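Asks: Here you go, sequence then predicted model.
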Amino acid sequence: MSEEKKHHSNPFHRHNKEEKPAGEMTKEDYEKQVKHHKHLEHVSKLGTIAAVTVARHEKHKAKKDPENAQDHKTKEKIAAAVAVGSVGFAIHEHHQKKEAKKEKESSFGKKHHPF
């Protein structure tokens with residue numbers, strides 16, 4: 001490999017995005033942070049649904065195909081582990097979203113509704 005660094009494109013790995021200190025963040029920055037964590041929470045919930053679906057499919061295949069049942073059971077366990085990890089990430093992002101909302105409210109005051 002030459003002396004140049006090989007650049008890999010990854011949309012989730014951002015070097016150019018620096019976090020501002022809490023005192024310098026604007027209301028829009030907090031709202032973007034809340035929206036970002038909400039989006040990741042929804043994505044992880046979809047990942048959970050997909051992993052559970054794969055696990056149930058593999059369980060069904062294990063019953064229908066006894067010759068390859070061990071392989072299907074292994075794939076089922078892997079999919080179940082992915083589902084558990086995805087749930088954990090969804091919970092993590094939910095807490096991050098709540099924390100960002102609290103920071104916004106403490107910095108700019110809570111929005112009061114007339115109802």
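Replies: Received it, and whenever you're ready, just let me know what you need. Residues are numbered from 1 along each chain as shown.

Asks: quick one: furthest residue from the center of this structure?
Replies: residue 67 (36.5 Å; Cα atoms, centre = their mean).

Asks: confidence score at that residue?
Replies: For residue 67, the pLDDT comes out at 95.

Asks: what's near enough to touch it?
Replies: Under the criterion of Cβ atoms under 8 Å, 6 or more residues apart in numbering, residue 67 has no neighbours. Backbone N, C-alpha and C define where each C-beta goes, glycine included.

Asks: how far away is it from residue 77?
Replies: Distance, residue 67 to residue 77, by Cβ to Cβ, to the nearest Å: 19 Å.

Asks: Show me what stretch 91-111 is in contact with.
Replies: With Cβ under 8 Å, 6+ apart as the criterion, stretch 91-111 contacts 22, 25, 27, 30-31, 33-34, 37-38, 40-41, 44.
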